[in-house]
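> Any chance you can model this:
(chains A and B)
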Number of protein chains: 2
Amino acid sequence: MRNIKIEIQYNGKNYCGWQKQPSSLGIQGTIEKAIYEITNEKVKITGSGRTDAGVHALGQVANFKIESNIPSEKIANALNAKLPKDIAIVNSCQVDDDFHSRYSAKKKTYRYLIYNSPYRSPIYKDISYHVKYELDFEKMCQEAKSLLGEHDFVGFMSSGSSVKDTVREIYDISLCKKEDLIVIEIEGNGFLYNMVRIIVGTLVDIGRNRIKESLEAVISSKSRSSCGHTAPAHGLFLKKVDY
Amino acid sequence: MRNIKIEIQYNGKNYCGWQKQPSSLGIQGTIEKAIYEITNEKVKITGSGRTDAGVHALGQVANFKIESNIPSEKIANALNAKLPKDIAIVNSCQVDDDFHSRYSAKKKTYRYLIYNSPYRSPIYKDISYHVKYELDFEKMCQEAKSLLGEHDFVGFMSSGSSVKDTVREIYDISLCKKEDLIVIEIEGNGFLYNMVRIIVGTLVDIGRNRIKESLEAVISSKSRSSCGHTAPAHGLFLKKVDY
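The predicted model follows:
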């Protein structure tokens, strides 16, 4: 058995998320079906993490074990020939037997797109969060620095998660504005359920002056109700997983 | 009668282009229908120029004359409430009676997106040209400078155009690469039929070393066959029209 690692891009618009649902294959099941079509093997693929319905990926990682002797680097294009246009495998290679997409991950990078204009965007509508209100971008950049380092992010977690240890370390965060688009990129050793979306919602609420406290105070409060709203799924991209 | 100027964004994917066709409303007809719905007036709108099927806009301009006393600046949102999600009016104002979207235009800016990767993109597929081949980006930037200034661009015009004067002036061209995306922006006093798409196709062919001549020599040849291929419509955006 070979252990194969693949890197995946997808547009999450038409999917129920990474995970299979009783009524829908999800991204995971769609790729497993394509693997079956090229190898005749029923495999289970393991992703670096689940993404919710509507969330996109520029660099999701998954691995799976197969018997097939198809050359590892040819798996990407063989799968692409079977996959729908909203999923693409952008790399495939053989890795050590003990490589595990989820447990071996050292760092994850997410990107979030905000379209900030009084008018909706026909171009970016499915891949960005439309914020109609004026935002104090400089203040958002300044406050975002408080996220850096190790903190208990328990307030930035949606209910329903069973995670016990809510301490995470943020290695880097950048905000960049060009015309009506704001691109937020955030790197960390791991993220709680909906953590990136709640961070973005909190930054937007700070930029609108709906949250008047500093982000440092919001983090220290460890309270979900002190944080901002959960920004929508369709602005979020899993950009990169480092091992 | 008031003369109303509107700025329009659209995703051209599902349209036959700007102009009405017997079987389809086009962008123009779709907006005229929305104007009728809010004013009960059958108007003809004049665009700064036609865009082909699949071409997008970030700043198309059109004007039309109406009797209605709806406040000029409220027309944008009134129309947006009637328009499909792939068209948005992003500005509306009253202008002088003699303002004409096409004849009064002084400068146009186009943007073209190239997705340069061996793999197709699920995210950018409808708004970029997928070029699989390696491109010599530095060479493309260097050669692009030859476009600046006034030239007879007759070789960069698709057949079927009845235009006699084929001299145009290019004010600025920029190429910018970030990750797998190349963004080309080009400003000029006017463009021949398919001129931007043929310029992009020629730059790509130079970047792939399929055209070995300099761009200066290609322009001087005044021959369509010396230029490169016509890059596809769905990578092209009409970005801005200046008056």
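> What ranges does chain A have for its helices?
Under the criterion DSSP state H, chain A contains helices at A:26-39, A:75-80, A:137-144, A:195-207, A:215-221.
> ok, and what's touching the fourth one?
I take that to be helix A:195-207. A:110, A:112, A:114, A:129, A:131, A:135-137, A:139-140, A:143-144, A:147, A:153, A:155-158, A:168, A:175, A:184, A:186, A:211, A:215, A:218, A:224, A:227-233, A:235-236 (CB atoms under 8 Å, 6 or more residues apart in numbering or on different chains). From N, CA and C alone the C-beta is placed, and that goes for glycine too.
> Using neighbour counts, trim those to the buried set.
In terms of neighbour count (16 or more other CB atoms under 10 Å in any protein chain shown), the buried residues within these are A:110, A:112, A:114, A:129, A:131, A:135, A:137, A:140, A:143-144, A:147, A:153, A:155-157, A:168, A:175, A:184, A:186, A:211, A:215, A:218, A:227-228, A:230-233, A:235-236.
> beta partners for A:L175?
A:I184 (DSSP bridges).
> Hmm, A:P71 and A:I4 touching each other?
No: contact status for A:I4 versus A:P71: not in contact, 10.7 Å apart, counting by CB atoms under 8 Å.
> Look at those two and report which has more neighbours.
When neighbours are counted by other CB atoms under 10 Å in any protein chain shown, A:I4 and A:P71 differ, and A:I4 comes out ahead with 23 against 10.
> Would you tell me which one of the helices of chain A is buried the most?
Counting by mean count of other CB atoms under 10 Å in any protein chain shown, helix A:195-207 has the highest mean neighbour count of the helices of chain A, with a mean of 25.
> what angle sits between that helix and helix A:137-144?
Using axes from the mean of the first three to the mean of the last three CA atoms, to 10 degrees, one finds that helix A:195-207 and helix A:137-144 are set 130 degrees apart in direction.
> mean confidence score for helix A:195-207?
For helix A:195-207, mean pLDDT rounds to 98.
> And stretch A:220-238, by the same measure?
Here the mean pLDDT over stretch A:220-238 is 97, rounded to a whole number.
> what about that stretch, start to end distance?
Taking CA to CA, to the nearest Å as the measure, stretch A:220-238 stretches 27 Å from start to finish.
> any idea how far stretch A:53-68 is from the chain center?
Computed by CA atoms, centre = their mean, to the nearest Å, the chain-centroid distance of stretch A:53-68 equals 12 Å.
> With only the CA atoms kept, save it in PDB.
These are the backbone C-alpha positions of stretch A:53-68, laid out as PDB (Å, rounded to 0.1, in the frame of the first residue of the first chain):
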ATOM      1  CA  ALA A  53     -20.600  24.300   3.500                       C
ATOM      2  CA  GLY A  54     -19.600  27.100   1.100                       C
ATOM      3  CA  VAL A  55     -16.000  27.400   2.300                       C
ATOM      4  CA  HIS A  56     -13.400  27.300  -0.500                       C
ATOM      5  CA  ALA A  57      -9.900  25.900  -0.600                       C
ATOM      6  CA  LEU A  58      -6.700  27.000  -2.400                       C
ATOM      7  CA  GLY A  59      -4.600  24.300  -0.700                       C
ATOM      8  CA  GLN A  60      -6.600  21.700   1.200                       C
ATOM      9  CA  VAL A  61      -4.500  18.600   1.900                       C
ATOM     10  CA  ALA A  62      -5.600  15.000   2.100                       C
ATOM     11  CA  ASN A  63      -4.100  11.500   2.000                       C
ATOM     12  CA  PHE A  64      -5.200   8.000   1.300                       C
ATOM     13  CA  LYS A  65      -3.700   4.500   0.800                       C
ATOM     14  CA  ILE A  66      -3.900   2.600  -2.500                       C
ATOM     15  CA  GLU A  67      -2.600  -0.600  -4.000                       C
ATOM     16  CA  SER A  68      -2.700   0.800  -7.600                       C
END
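> Run a quick check on A:R168 versus A:Y193, I expect a contact.
No: counting by CB under 8 Å, A:R168 sits too far from A:Y193 to count as a contact (11.6 Å).
> tell me which parts of chain A are close to chain B?
For chain A, the residues found near chain B under the criterion CB under 8 Å from any CB of the partner chain are A:9-11, A:56, A:58, A:76-77, A:80, A:85-90, A:117, A:119-123, A:125, A:127, A:237.
> Go through those and flag which are in strands.
Using DSSP state E, the subset of the residues of chain A next to chain B located in strands is A:9-10, A:56, A:58, A:87-90, A:237.
> Show me which pair in those residues is furthest apart.
Using CB to CB, the two most remote members of those are A:I89 and A:F237, lying 16.7 Å apart.
> who's more crowded, these two?
Higher neighbour count among A:I89 and A:F237: A:F237, with 27 against 22, using other CB under 10 Å.
> Quick check: that one touching A:T51?
No: taking contact to mean CB under 8 Å, the distance of 9.2 Å between A:F237 and A:T51 leaves them out of contact.
> Produce a ChimeraX select command limited to the buried residues of the residues of chain A next to chain B.
Command for ChimeraX, covering only those of the residues of chain A next to chain B found buried under the criterion 16+ other CB under 10 Å:
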select /A:9,10,11,56,58,76,80,86,87,88,89,90,117,119,120,121,122,123,125,127,237
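> Tell me, please, where in chain A the pLDDT is lower than the cut-off.
Counting by pLDDT under 70, chain A has no low-confidence residues at all.
> Could you list the domains of it?
Per automatic domain parsing, the domain ranges recorded for chain A read A:2-95, A:107-242.
> for those domains, which one sits closest to B:K106?
Of all these, the one in closest proximity to B:K106, counting by CB to CB, is domain A:107-242 (21.1 Å).
> Please state the offset of the closest one from the chain centre?
Average the C-alpha atoms of domain A:107-242, do the same for its chain, and the two points are 12 Å apart (CA atoms, centre = their mean).
> what do you get for stretch A:66-80?
25 Å.
> and the end-to-end length of it?
Separation of the first and last residues of stretch A:66-80 by CA to CA is 17 Å.
> cool, and stretch A:114-122?
This stretch, stretch A:114-122, spans 14 Å end to end (CA to CA).
> Not counting it itself, show me its contacts.
Residues from elsewhere that reach stretch A:114-122 (CB under 8 Å, 6+ apart): A:124-125, A:128-132, A:135, A:177, A:180-184, A:200, A:204, A:231, A:235, B:9-11, B:56, B:76-77, B:80, B:85-90.
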